[in-house]
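Q: Sequence and computational prediction follow.
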Amino acid sequence: QVHMVESGGGLVQAGGSLNLSCVISGRALSALTMAWFRQGVGKEREFTVGAAWAGGNNKAADSVKGRFTITRDYVKSTLYLHMKDLRPEDTAMYYCAAAKNWEANDAGDYDFWGQGTQVTVSS
């Protein structure tokens, strides 16, 4: 079992930056694929960035490429989402997720989820 808790959400102006954290506990983390998803009001949950917890397999959705970066701190067992040049359309609830499947892509492929943290970007 993997337990995940996000934090760091808030209100930011367009063009600003924000960093989210996801503290992870559990077993066999090195075998997991990690990702950040988001879900706006009335929208489907969508993938933003992902990577293997052990390193490599980095992916980013076109909508966030060059603006969002995923990193990890093994000592703190924490996953981060670094966001810059934020836009109003980035407003959403952001979730960290973990998958046992190396080839996980869609939300349905992910096995473990945090409770989410809200990011609101004002214009």
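A: That came in fine, so what should we check first?

Q: Could you check which helix or strand contains the spatially most central residue of the chain?
A: With distances taken as CA atoms, centre = their mean, Trp36 lies nearest the centre of the chain, 1.8 Å away. Here Trp36, judged by DSSP states H and E, is contained in strand 33-39.

Q: And for Leu11?
A: Secondary structure from DSSP H and E places Leu11 in strand 10-13.

Q: Need the mean per-residue confidence for that strand.
A: With pLDDT averaged residue by residue, strand 10-13 scores 98.

Q: Quick one: list the elements packing against it.
A: The contact analysis (3 or more CB pairs under 8 Å, 6 or more residues apart in numbering; DSSP states H and E) places strand 10-13 against strand 117-122. (Each C-beta comes from the backbone N, C-alpha and C, glycine too.)

Q: contact partners of the strand it packs on?
A: For strand 117-122, the surrounding residues in contact (CB atoms under 8 Å, 6 or more residues apart in numbering) are 6-14, 16, 18, 20, 38, 83, 86-94.

Q: Quick one: distance of stretch 4-21 to the chain centre.
A: 11 Å (CA atoms, centre = their mean, to the nearest Å).

Q: ugh, wrong one, I meant stretch 15-33
A: With CA atoms, centre = their mean as the basis, stretch 15-33 stands 7 Å off its chain's centre.

Q: before we move on, the earlier item: give me the buried positions along the strand holding Trp36.
A: By neighbour count on 16 or more other CB atoms under 10 Å, the buried set for strand 33-39 is 33-38.

Q: nearest to Val49, of those residues?
A: Set against Val49, the nearest of these by CB to CB is Trp36 (5.4 Å).

Q: In this model Ala35 seems to touch Ala60, though I could be wrong.
A: No. Judged on CB atoms under 8 Å, Ala60 makes no contact with Ala35 at a distance of 10.2 Å.

Q: what touches both of the two?
A: Common contacts of Ala60 and Ala35 (CB under 8 Å, 6+ apart): 48-50.
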